[in-house]
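Enquirer: output the structure for:
(one chain, ligands or ions: 1)
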Amino acid sequence: MLLTISTTHEPATVLGYLLHKHPDRCQSFDLSFGQAHVFYPEVSDQRVSAALLLDVDPVGMVRGKGREQSFLLGHYVNDRPYVASSFLSVAIAQVFGSAMSGRCKDREELVKTPIPLTARIEVLPVRGGEALIQRMFEPLGYAVEATRHPLDEQFPEWGDSSYFTVTIAGTKLLSELLTHLYVLIPVFDNQKHYFVGDDELEKLLEKGAGWLATHPEKEQITRRYLRHRSNLYREALARLVEDKEIDDTEEEPAALGPEESLEQAVSLNEQRLGTVLAALRGCGARSVLDLGCGEGKLLRNLLADRQFERIVGLDVSIRSLEIAQRRLNLDRLPERQAERIKLIHGSLMYRDQRLANFDAAAVVEVIEHLDPPRLSAFERVVFEFARPKTVVLTTPNSEYNVKWETLPAGQFRHADHRFEWTRQEFQDWASQIADHHGYRVLFVPVGPVDELVGSPTQMGVFERD
Ligand code: SAH
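Expert: Here you go, the predicted model:
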């Protein structure tokens, strides 16, 4: 992947100062996904070109990332090493960071002077064709040239590809040009190589300052930049128009499912959290996993207690993780708090190195969401591989369901439950696990205990030496 930036300003050698990269040297930078090299293919008083060559290592990137990503071939065979994508944006920010933010210690006046600049992106994947390239760059004052590449030159009958070589030219500040490229390159590509969290919104607003609010394509840029996350998109548009902080304490109006409305009456949810928390405190854990953390209710309580120094929440659902991230305000926590907690995406069906070396794990109302034939995989992941000293696990007690008048007989408490167990069924399962993996297990009722049918939730606390 190659990006070339040229100027015909006189003297053209100012480009070296502005980019903070010496024209006589080839410099290389290690990035998390490969290497970036900067060199000058053309240096004269009339014209200087600087090249940013990106060497993306798609295999290195996924090595050691756990096994939840199922389409392995896609890691080896993809266009990422060859095209301009969010990788290029990250490289621009890291390698030309000072230039992008308009800093130049010794030559202050230079960064404030528009100069004739040309940027050439060798291969830009464009979902939306040539017209989109024009609609994005022309309102910003660039002359645009785009050449579409055929799928294969040897087989013209296969038609065109969605890849273009694009040149944009205009008299601009270098910081403006780099910022426009930084924001717009992933917009054409419409993919991002990382999990789009709330900080992406802040990044977009910061980098879009002064031009995005008046850009005729601002909706499309914002939607694509934020990868169609509609809540972030709406917030971004609101802030672009009003240019003021909006109150983000507002939560999504969550319709109460039968599970929540049933449980609200007895506030079982809170009793369960309180009991799990007490068990985690009681075992003296300092590092805790919340496996199947959902939208982060337990995480919030863990974070509020300084006993817990290292907290990791894992879930298979990206949407739940995004909600947890927002509700816990993870992007705005003071640094020392933020260091204590991490959200990770993963599945309890696969052995995962990131789960090793924790004092305790909570698995709250999760197992009943797993298909019974896959419980043995879960058992090995938690009790054989992660192997924390304490595991606190809860699940509904199906015997108690008769106590809920609104729950038709024979139905589960939640549409996604694959099973609900009686006390005997749960205790048989848990005891066999404890025996097999060298744990002791203690059973604790959670919620009001009925003489006949027991408590609504059942909890097992597993411990090993
Ligand atoms: N522990 C939370 C959420 C319980 S709901 C609470 O008490 O509020 C069950 C959660 O398990 C959901 O968030 C779901 O996404 C998650 N889950 C289901 N299957 C999973 C799997 N294989 N790996 C990890 N999480 C899973």
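
Enquirer: sketch out the low-pLDDT regions of this structure for me.
Expert: For the chain, the stretches with pLDDT under 70 are 58-81, 190-198, 228-266.

Enquirer: can you give the domain ranges for it?
Expert: With domains defined by automatic domain parsing, the chain comprises 2-195, 258-463.

Enquirer: which of those domains sits closest to the ligand?
Expert: Counting by Cβ to the nearest ligand atom, the ligand lies closest to domain 258-463 out of these; the figure is 2.7 Å. Placement of C-beta: from N, CA and C, glycine included.

Enquirer: near the ligand, anything from the closest one?
Expert: Yes - applying Cβ under 6 Å from any ligand atom, one finds that domain 258-463 is in contact with the ligand at 292-294, 297, 315-317, 320, 347-349, 364-366, 369-370.

Enquirer: which residues does stretch 114-127 contact?
Expert: With contacts defined as Cβ atoms under 8 Å, 6 or more residues apart in numbering, stretch 114-127 is touched by 1-9, 14, 79, 82-85, 88, 132-133, 149, 162-174, 177, 181, 185, 188-190.

Enquirer: what's the answer for stretch 181-188, then?
Expert: Applying Cβ under 8 Å, 6+ apart, the set of residues contacting stretch 181-188 is 3, 84-86, 88-89, 92-93, 100, 119, 121, 124-128, 132-133, 136-137, 192, 204, 207-208, 212, 220-221, 224-225.

Enquirer: that older thread, got CSV for the domains of the chain, with mean neighbour count too?
Expert: As requested, the domains of the chain are exported to CSV (neighbours: other Cβ atoms under 10 Å):
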stretch, mean neighbour count
domain 2-195, 17
domain 258-463, 18
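
Enquirer: distance to residue 216 for these - can I get that in TSV?
Expert: Formatted as TSV, the domains of the chain follow (distance: least, Cβ to Cβ, whole Å):
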stretch	distance to residue 216
domain 2-195	6
domain 258-463	29
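
Enquirer: show me where the stretch 201-350 of the chain has its strands.
Expert: Residue ranges of the strands in the stretch 201-350 of the chain, as given by DSSP state E, counting those that start in this stretch, are 287-291, 310-315, 341-345.

Enquirer: cool, the stretch 1-150 of the chain as well?
Expert: 2-7, 27-31, 34-43, 48-56, 115-125, 143-150.

Enquirer: can you check which of the ones you listed gets nearest to residue 388?
Expert: strand 27-31 (34.1 Å; Cβ to Cβ).

Enquirer: gap between that closest one and the chain center?
Expert: In terms of Cα atoms, centre = their mean, to the nearest Å, the centre of strand 27-31 is found 24 Å from the chain centre.

Enquirer: return it as PDB; C-alpha atoms alone will do.
Expert: Taking C-alpha atoms only, strand 27-31 is exported to PDB below (Å, rounded to 0.1, in the frame of the first residue of the first chain):
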ATOM      1  CA  GLN A  27      12.800   5.500   7.900                       C
ATOM      2  CA  SER A  28      10.800   2.500   9.100                       C
ATOM      3  CA  PHE A  29       8.300   2.300  12.000                       C
ATOM      4  CA  ASP A  30       6.900  -0.700  13.700                       C
ATOM      5  CA  LEU A  31       3.100  -0.600  14.000                       C
END
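
Enquirer: mind listing what it pairs with, with the direction of each?
Expert: The pairing partners recorded for strand 27-31 under DSSP bridges are strand 34-43 (antiparallel).

Enquirer: angle of the partner strand against strand 2-7?
Expert: 40 degrees (axes from the mean of the first three to the mean of the last three Cα atoms, to 10 degrees).

Enquirer: begin at 42 from now on, thanks
Expert: Done: numbering now begins at 42, and the last item shifts to strand 75-84.
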